[in-house]
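Trainee: Need a 3D model of the sequence below.
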Amino acid sequence: AFTVIVFVLCVFHLYFVFKYISNERVQTDLYWIVLMCPVATLCGLVGMFIPRSAGFMYSVALVYFMLCLFVVVTLMKNMFGSRAALSEYLLSKGQKISFQVPPICCFCHCLPTIEGKERNLRCLEWIVFQSPIVRIVLETTNIIVFLELSSRTHLWFQISNAMGLISMI
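Mentor: Got it, this is the predicted structure:
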C-alpha cells in the first residue's frame, strides 16, 4: 500500500514540476530529486521479492541517492544562474558553509566553516561528486569478488564498506 502511495505522490510531484517550473535546467534537476523516493522504493521492493538481488538493489538505490545529492548542489547553482552568482550571493549575505551538519558531523566541532568563494564551491561540488563515483567502483568490485568467491564473508567486503562510509562522510 505504501509503495503505491509513493508512486502516486511521485506522479503528482512530476506533474507540478512539469507545469510550474519554467526553467528547463531546474526542471531536470527536480526530476532527479522527485524520482529519488520511487527509485529507492522500487529497489527495496525488488530486493524483497528477489532476495539474491537485495545487495545489488541496495547499491543501486545508494548510488542514485548520492547522485541526487550532487543534483541538489547543481540545483543550487542553476537556481542562481552560475557558480559565480551563488558565490556572490553567499559573500554578500556573509553566509559561510558549515560542515558541522547532522547526523554524523554535527559532533565534529573541529570541522571548519568556509567562505562561499567560487573556488570553494567548486571543491565542494567535487567532494559531493566523488562519493557516487567511489561507490560505483566499489560496488562493481564487490560484484566481481562475490562472483569469484560465491560468498560475502571475505575481508574485502568489510574494507569496501569502510571505504564507502568514509567516502559518504
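Trainee: For the rest of this, base every contact and every neighbour count on C-alpha atoms.
Mentor: Noted.
Trainee: The residue of the chain most remote from its centre and I143, how far apart?
Mentor: Relative to the centre of the chain, and counting by Cα atoms, centre = their mean, the farthest-placed residue is L149 at 30.0 Å. Applying Cα to Cα, to the nearest Å, the value for L149 to I143 is 10 Å.
Trainee: what's next to stretch 45-60, contact-wise?
Mentor: C43, G44, E139 (Cα atoms under 8 Å, 6 or more residues apart in numbering).
Trainee: one more time with 10 Å, if that's ok
Mentor: With Cα atoms under 10 Å, 6 or more residues apart in numbering as the test, stretch 45-60 has contacts from 3, 39-44, 62-66, 135-136, 138-140, 142-143.
Trainee: Quote the end-to-end distance of it.
Mentor: Counting by Cα to Cα, you get 13 Å between the two ends of stretch 45-60.
Trainee: How far away from the center of its chain is that stretch?
Mentor: Distance, stretch centre to chain centre, for stretch 45-60: 19 Å (Cα atoms, centre = their mean, to the nearest Å).
Trainee: Which residues are in contact with G44?
Mentor: So G44 contacts T3, P38, I50, S53, A54, G55, M57, Y58, V60, A61 (Cα under 10 Å, 6+ apart).
Trainee: Select only the buried ones of the residues you listed in PyMOL?
Mentor: With 16 or more other Cα atoms under 10 Å as the criterion, this PyMOL line picks the buried residues out of those:
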select buried, resi 38+54+57+58+60+61
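Trainee: Out of the contacts of G44, which sit inside helices?
Mentor: Taking DSSP state H as the definition of helices, those contribute T3, P38, A54, G55, M57, Y58, V60, A61.
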